[in-house]
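# Structure for this input, please:
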Amino acid sequence: MANAASGMAVHDDCKLKFLELKAKRTYRFIVFKIEEKQKQVIVEKLGEPTDSYEDFSASLPANECRYAVYDFDYVTDENCQKSRIVFIAWSPDTSRVRSKMIYASSKDRFKRELDGIQIELQATDPTEMGLDVIRSRSN
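This next block holds a predicted model:
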């Protein structure tokens, strides 16, 4: 199951929780972490449907890489309620080089496991994944 290039397996729980977010909107966001010793991506945190974007961004560690998925609700100029699933590759400048390399090399394979991502962002600091950035990419 693991990709030879990255060696990271994706825990089944990651796919299950993502499907719940996508189909049932059980969660507002999911934060994923690479467990280096187990060589797999696991679910680190699940956001309640009532959680805000601030709760989401606060759940990303300041100096460690993570993958995250955020269910972004917005209203179009035509006053239509819409939703986009945003994948964020969080790689702060202060994280370890090895960690950045592992996350970067595993990202595409991990993303393929999550069917239904509509927007992808690469962020090294919170301003690169702000609501205004997501909103501009949603239209």
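# Report how many residues lie close to residue 136.
9 (other Cβ atoms under 10 Å). C-betas here are computed from N, CA, C, even on glycine.
# so which strand or helix has it?
Per DSSP states H and E: residue 136 is located in helix 131-138.
# do you know how far residue 117 is from residue 107?
11 Å (Cβ to Cβ, to the nearest Å).
# And these two? Which one has more around it.
Using other Cβ under 10 Å as the criterion, residue 117 and residue 107 rank with residue 107 on top: 20 against 15.
# list the buried ones in whichever helix or strand residue 105 is part of?
Assessed by DSSP H and E, residue 105 sits inside helix 97-113. The neighbour-count check on helix 97-113 (16 or more other Cβ atoms under 10 Å) flags 99, 100, 102, 103, 106, 107, 109, 110 as buried.
# Now do the buried residues in stretch 11-21.
11, 14, 17, 18, 21.
# ok now that stretch, how far from the chain's centre?
12 Å (Cα atoms, centre = their mean, to the nearest Å).
# could you show me where the helices are in the protein, in order?
Applying DSSP state H to the chain gives helices spanning 12-19, 53-58, 97-113, 131-138.
# Could you identify the pair within the buried residues of stretch 11-21 that is furthest apart?
11 and 21 (15.4 Å; Cβ to Cβ).
# Just the pLDDT for residue 138.
Listed pLDDT for residue 138 reads 86.
# Please report how far it lies from residue 95.
Distance of residue 138 to residue 95, given as Cβ to Cβ: 27 Å.
# Switch the helices of the chain over to CSV; also include distance to residue 81.
Converted to CSV, the helices of the chain look like this (distance: least, Cβ to Cβ, whole Å):
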stretch, distance to residue 81
helix 12-19, 22
helix 53-58, 17
helix 97-113, 26
helix 131-138, 12
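# List just the one of those that sits closest to residue 46.
helix 12-19 (6.4 Å).
# For the closest one, give me every contacting residue.
Contacts with helix 12-19, where a contact means Cβ atoms under 8 Å, 6 or more residues apart in numbering, come from 26-27, 30, 32, 41-43, 46, 69, 110, 113-114, 116.
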